[in-house]
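Q: Build me a structure from this.
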Amino acid sequence: MFPPTMICCQRCIRMLRGRITSVFIHPSTTNATFTQQHLNIHTNTVKHTLTPHFILHGGRTSSQTTVGRSGVGVLQGFCDSAAAQLRYQVKPGGSEDLEATNVIPYEQEQTPSRKQHLTEIPALIDLDDEPHLSPLEEISNEEAIQIVVPDALAPTSSSLRAYVDKSETLTKLVQLGVDLWKLEQRRNVGSMLVRLDFQSDVAPRLLFLKDLGVQDEQLAHIITTNPFFLTENLDNMKARVSYLKSKKFSAESVASMVQKAPYLLNFSVKRLDNRLGFYQDSLALNPAKTRDIITRLPRLLCGSLEPVKENLKVYELQFGFRMGEIQHMVTKVPKLLTANKTKLTKIFDYIHNTMGIPQSLIAKFPQVLNSQFLRIKERHLFLKYLGRAQYNPVEPNYVSLERLVTLPDDLFCASVALATVEDFECFQKTL
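A: Next up, the predicted model:
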């Protein structure tokens, strides 16, 4: 059993208070012989505790220390071995003398040893190893200078602002006027920009745009709208520009198209050719008019063809326009090809069925289909209230659709309604 008190050395006290809390020693030898197989050093805190009073060398009493049963085994083994070492120390003269020591080993009851092969360890574990340096320990100025601190990595962040100071690419893009706050909201765009090298990835493409004739103030708009342009193959983009020029698009037209539709250069030559062929065949236009429509609305080459096909069917089958009228309408207002079908239907129904304007007059001024529905309704009701809603060109006081929807309020009231702006505003409040 374990005695309530025992005599130990300061080495064992330091060991128990330090990192080593449990050493298992084979009990078969009286000289505290250690074996490699039975030496187990634990770094966990001793959980099952007893509280003996350790009597230090010279009769001094230590403070109470909570030690587990395994800790008592540690004291016995290390105190016995320490006493054995102190009895036979080699002096400078080369002779071994027995030195007096205050260590009084505790004699453990002999227990039957199991028949196992023991391997003696020539030296005890050094319990006086220097502990790890404390982070609060003071160091000299020379040691502080020798400390190498690596560059701090940019923190993981959902905002590109945290990387601007550490990325040349982002810094240059900000100087160009690119709206990074818009780009970081798009999926995978932020990580793509951080990985780009300005000299090898960004600069050559900016020079390519400059060679096309793109204005400096438009560079930021193009990158903000289409950041994937920075990863497109430069040779492929040059091939697409060459194709457009081969179709007799002028250099100024190509530059204007790229500014209006930054995604234009992302599409292959095959796709561009298919789009041009579709518009020329579906609208029965000659190449010159086809180029004119594409130059004014280049996103026709970028978007899907399904809305265009659906609108063409709506104009012909639902609205009752003839093909010649449709050609005239889309030539004057190319946006009618991609306009929202619901909006088109609502405006056409009001103009044709409520205001009584035939398709022939609507086809002469197709811009009315691209106007705001509320603007048309308010002005028509105001003219009707004044008795001036007359849209027949053969009758007096004729009001054309162009004057109805394009004039500002002051000119509309003065020249068409023959009223004041205050009267029109008061009428709007009654609607």
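
Q: Count the neighbours of S250 for me.
A: 13 (other CB atoms under 10 Å). Yep, even glycine has a C-beta here, placed from its N, CA and C like the rest.

Q: Need the phi and psi values for it.
A: phi -70, psi 160 (degrees, to the nearest 10).

Q: now it: how far from Q259?
A: 14 Å (CB to CB, to the nearest Å).

Q: and what of T290?
A: For T290, the distance to Q259 - CB to CB - is 20 Å.

Q: again, but for K166
A: Applying CB to CB to K166 and Q259 gives a distance of 31 Å.

Q: In terms of neighbours, single out the busier of the two.
A: The neighbour comparison of K166 against Q259 (other CB under 10 Å) goes to Q259, with 21 against 13.

Q: Next up, the contacts around the more buried one.
A: V214, Q215, Q218, H221, I222 (CB atoms under 8 Å, 6 or more residues apart in numbering).

Q: Does the first one touch A220 like I think?
A: No - the pair V214 and A220 fails to qualify as a contact (CB atoms under 8 Å) at a distance of 10.9 Å.

Q: which of those two has more neighbours?
A: Per other CB under 10 Å, whichever of V214 and A220 has more neighbours is V214, with 20 against 16.

Q: Can you tell me, leaving aside adjacent residues, what's nearest to that one?
A: Leaving aside its sequence neighbours, V214 sits nearest to A255 (CB to CB, 6 or more residues apart in numbering; 5.4 Å).

Q: in the helix or strand containing the one you found, what's buried?
A: A255 belongs to helix 251-260 when assigned by DSSP states H and E. For helix 251-260, a neighbour-count test (16 or more other CB atoms under 10 Å) marks S253, V254, A255, S256, M257, V258, Q259 as buried.

Q: what do you get for stretch 163-180?
A: Buried residues in stretch 163-180, counted by 16+ other CB under 10 Å: Y163, V164, S167, T169, L170, L173, V174, V178, L180.

Q: Please give the element, helix or strand, for the residue nearest to the third one when sequence neighbours are not counted.
A: Sequence neighbours aside, V194 is the residue nearest to S167 in space, at 5.8 Å (criterion: CB to CB, 6+ apart). Assigning secondary structure by DSSP H and E places V194 in helix 189-195.

Q: So which bits of that helix are buried?
A: For helix 189-195, by 16+ other CB under 10 Å, it's V189, G190, L193.

Q: Can you add pLDDT and distance to P366 and give those residues back as a markdown table?
A: Output for the buried residues of helix 189-195, formatted as a markdown table (pLDDT from 0 to 100; distance: CB to CB, whole Å):
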| residue | pLDDT | distance to P366 |
| --- | --- | --- |
| V189 | 90 | 38 |
| G190 | 87 | 42 |
| L193 | 91 | 42 |
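
Q: May I see the residues you listed organised as JSON lines, with distance to E143 added?
A: Output for those, formatted as JSON lines (distance: CB to CB, whole Å):
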{"residue": "V189", "distance to E143": "45"}
{"residue": "G190", "distance to E143": "41"}
{"residue": "L193", "distance to E143": "41"}
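
Q: Need the residues that contact stretch 161-177.
A: So stretch 161-177 is contacted by 154-155, 157, 160, 180, 193-194, 196-198, 201-202, 217, 219-220, 223 (CB under 8 Å, 6+ apart).

Q: end-to-end on it?
A: 14 Å (CA to CA, to the nearest Å).

Q: Please apply the same query to stretch 412-426.
A: End-to-end for stretch 412-426, by CA to CA: 15 Å.

Q: same thing with stretch 210-217?
A: Stretch 210-217: ends 11 Å apart by CA to CA.

Q: Pull out the buried positions in that stretch.
A: L212, V214.

Q: mean confidence score for the helix holding A255?
A: Average pLDDT, helix 251-260: 95.
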